[in-house]
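> sequence first, predicted coordinates after that:
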Amino acid sequence: MPILLFIYGTLHPDRAPRAIAHAARRLASIGPATICGRVYDLGAYPGAILDPAAPPIPGELFAVPDEATLAALDAYEDYRPDAPASSLFLRVETTATMPDGSHHPCWVYVYNREV
């Protein structure tokens, strides 16, 4: 089963900063999608919080080619699976909705601080 990742911000291959562009270029677009939540402008990057009662967040669903790419993205997002409380972002499971109404389980990075 492929690893799917919903991207709403700077990890997008067209916008990725130089520090993560090498990994972002390996992602394969599945297409536009949405998740329910809130996006906050944190200055240099956005941060999303999942909220099923919130309006949809537009983004794009990508296939991640391998665990090494996912590990590079985790490191860039400061997600530490062994220390989630001190991680800046958490990689959590959610469901993305495609324009045709289909739903896909996926990962998304959510902001792990008070906003």
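Received the coordinates, thanks. Numbering: from 1, shown residues only.
> how far away is Trp107 from Leu61?
Trp107 is 10 Å from Leu61, where distance means Cβ to Cβ, to the nearest Å. (C-beta placed from N, C-alpha, C; glycine too.)
> could you look up the SS state of the residue in the chain sticking out farthest from the centre?
For the chain, the largest distance from the centre (Cα atoms, centre = their mean) belongs to Asp100, which lies 20.7 Å off. Assigned by DSSP: H, G, I helix; E, B strand; the rest coil, the conformation of Asp100 is coil.
> need the pLDDT of it.
Looking at Asp100, its pLDDT is 98.
> how about the one 3 residues further on?
The pLDDT attached to His103 in the predicted structure is 97.
> change the start of the numbering to 41 and stick with it
Okay, residue one is now 41; in that scheme the one you just asked about reads as His143.
> how many neighbours does it have?
10 (other Cβ atoms under 10 Å).
> phi first, then psi, for it.
phi -110, psi 140 (degrees, to the nearest 10).
> specify the beta-bridge partners of the closest residue to it other than its chain neighbours.
Of all residues beyond its chain neighbours, the one nearest His143 is Thr135 (5.0 Å), with distances taken as Cβ to Cβ, 6 or more residues apart in numbering. The partner list for Thr135 in beta bridges (DSSP bridges) reads Pro145.
> many thanks, have a good one.
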